[in-house]
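Trainee: Pasted the sequence and its predicted model underneath.
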Amino acid sequence: MQNVGIGLRQPHYVQLLAELPELGFVEVHSENFFADGGAALAVLREARSNYAVSLHGVGLALGSAAGLDAWHLDRLARLVERIEPVRVSDHACFARAARGTGGPVVHANDLLPIAFTRAALDVMAANVMQVQERLRTPMLVENLSSYVSFDDDAMGEAEFFAQLTARTGCGMLLDVNNLMVNALNARADGAAAEPAAACCAFIDALPRSIVGEVHLAGHDATGSIVIDDHGSRVSDGVWAVYAHALQRFGGVPTLVEWDTAIPPLPVLIGEAALAAAAMTRCGAV
């Protein structure tokens, strides 16, 4: 499974490092390892001695017009120096905003969606460039699962990512589950497109060269809206769209995420094996 990885989560630390299953890489949430020492960083160092590590952040808030948090970027840069990750990524979202005119900047504890406008593109491009200059490496930016849209959207999401990557030299982290969650919720709101077809159309609208990693995960479709909870196996629909992505982008490094209701490690390894098998079937190894 040289191109397939799993998210390294605390319940699996001991077993994974004792058994060292065959994996192409492991991925961690960067912010959990910002401390200068301690048990968590020691675990990550040990994992890095056995696997390539991908650092996936949730706190840069790249779409924030208020700018980046200097402390956060400094800690990320320090972690990159320590771990020498194979990839660094975060989300196309905002979380930072000034409280009133000239007030202090506050940071929301969420990945808030951006409008797909020229102004938003300018903000994100500037912030992405700042991160890349500080880290001295290109980063990947992930598409978001979003439960709202904006009336002033001026372009499609795929075009937004195409322009962002062209302007900054960054890549895209394509989250297939997020595509499906958005498509399912759009269908519930009356969208005409069948969800899998809408996801595949999004993929076809992306330049072939921009995707540097793919994420797969489960979602909760039991309520009135579909929730991106990373708490179950990858759905059949997501597997079908993933196969389409492999045909378009080739054997891009792929991560299986599972962040809530975390199962025994063999279950997660089994999902990773399914991703590896999909690569083999598509000739994308």
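Mentor: The structure has been received and is ready for your questions.
Trainee: Mind listing what's buried along the helix or strand that contains Leu164?
Mentor: Using DSSP states H and E, Leu164 falls within helix 157-168. For helix 157-168, burial by neighbour count (16 or more other Cβ atoms under 10 Å) applies to Glu157, Ala158, Phe160, Phe161, Ala162, Gln163, Leu164, Thr165, Thr168. Glycine gets a C-beta too; all of them are placed from N, C-alpha and C.
Trainee: in the stretch 1-150 of the chain, which spans are helices?
Mentor: Assigned by DSSP state H, counting those that start in this stretch, the helices in the stretch 1-150 of the chain fall at 13-19, 39-50, 70-83, 118-135.
Trainee: mind putting those in JSON lines, mean pLDDT included?
Mentor: Output for the helices of the stretch 1-150 of the chain, formatted as JSON lines (pLDDT from 0 to 100):
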{"stretch": "helix 13-19", "mean pLDDT": "97"}
{"stretch": "helix 39-50", "mean pLDDT": "97"}
{"stretch": "helix 70-83", "mean pLDDT": "97"}
{"stretch": "helix 118-135", "mean pLDDT": "97"}
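Trainee: Which of the ones you listed sits closest to Asn185?
Mentor: Proximity to Asn185, assessed across the helices of the stretch 1-150 of the chain by Cβ to Cβ, is greatest for helix 118-135 (20.9 Å).
Trainee: For that closest one, which helices and strands make contact with it?
Mentor: helix 70-83, helix 157-168 (3 or more Cβ pairs under 8 Å, 6 or more residues apart in numbering; DSSP states H and E).
Trainee: Burial check on Arg48, number of neighbours?
Mentor: 17 (other Cβ atoms under 10 Å).
Trainee: Wait, it touches Ile83, no?
Mentor: Yes - counting by Cβ atoms under 8 Å, Arg48 touches Ile83, with 5.4 Å between them.
Trainee: Next, count neighbours for Arg208.
Mentor: Counted with other Cβ under 10 Å, Arg208 comes out at 10.
Trainee: what's the distance between it and Phe249?
Mentor: Arg208 sits 6 Å away from Phe249, going by Cβ to Cβ, to the nearest Å.
Trainee: Val226 now?
Mentor: Look at Val226 and Phe249: by Cβ to Cβ, they are 24 Å apart.
Trainee: Those two: who's more crowded?
Mentor: Val226 (23 against 20).
Trainee: where does the more buried one land on pLDDT?
Mentor: We have a pLDDT of 90 for Val226.
Trainee: Can you pull the phi/psi pair for it?
Mentor: The phi/psi pair for Val226 (degrees, to the nearest 10) reads phi -90, psi 130.
Trainee: Could you measure from it over to Gly57?
Mentor: Counting by Cβ to Cβ, the gap from Val226 to Gly57 is 24 Å.
Trainee: what do you get for Cys200?
Mentor: 28 Å.
Trainee: Could you do Arg78 as well?
Mentor: The spacing between Arg78 and Gly57, counted by Cβ to Cβ, is 13 Å.
Trainee: neighbour count winner among the two?
Mentor: Gly57 (22 against 13).
Trainee: Quick check, that one in contact with Cys93.
Mentor: No - look at Gly57 against Cys93 with Cβ under 8 Å: they stay out of range, at 10.8 Å.
Trainee: ok, Tyr147 - contacts?
Mentor: By Cβ atoms under 8 Å, 6 or more residues apart in numbering, the residues touching Tyr147 are Pro113, Asn185, Ile225.
Trainee: Please enumerate the strands of the protein.
Mentor: 4-7, 25-29, 52-56, 87-91, 94-98, 105-112, 140-142, 171-175, 211-216, 254-256 (DSSP state E).
Trainee: closest one to Leu121 among these?
Mentor: It is, among the strands of the chain and with distance given as Cβ to Cβ, strand 140-142, at 11.7 Å.
Trainee: Tell me the strands beside that closest one, with direction?
Mentor: strand 87-91 (parallel), strand 171-175 (parallel) (DSSP bridges).
Trainee: Put together a markdown table for those, with distance to Gly218, mean neighbour count and mean pLDDT on each row.
Mentor: Putting these into a markdown table (distance: least, Cβ to Cβ, whole Å; neighbours: other Cβ atoms under 10 Å; pLDDT from 0 to 100) gives the following:
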| stretch | distance to Gly218 | mean neighbour count | mean pLDDT |
| --- | --- | --- | --- |
| strand 87-91 | 18 | 24 | 97 |
| strand 171-175 | 12 | 25 | 98 |
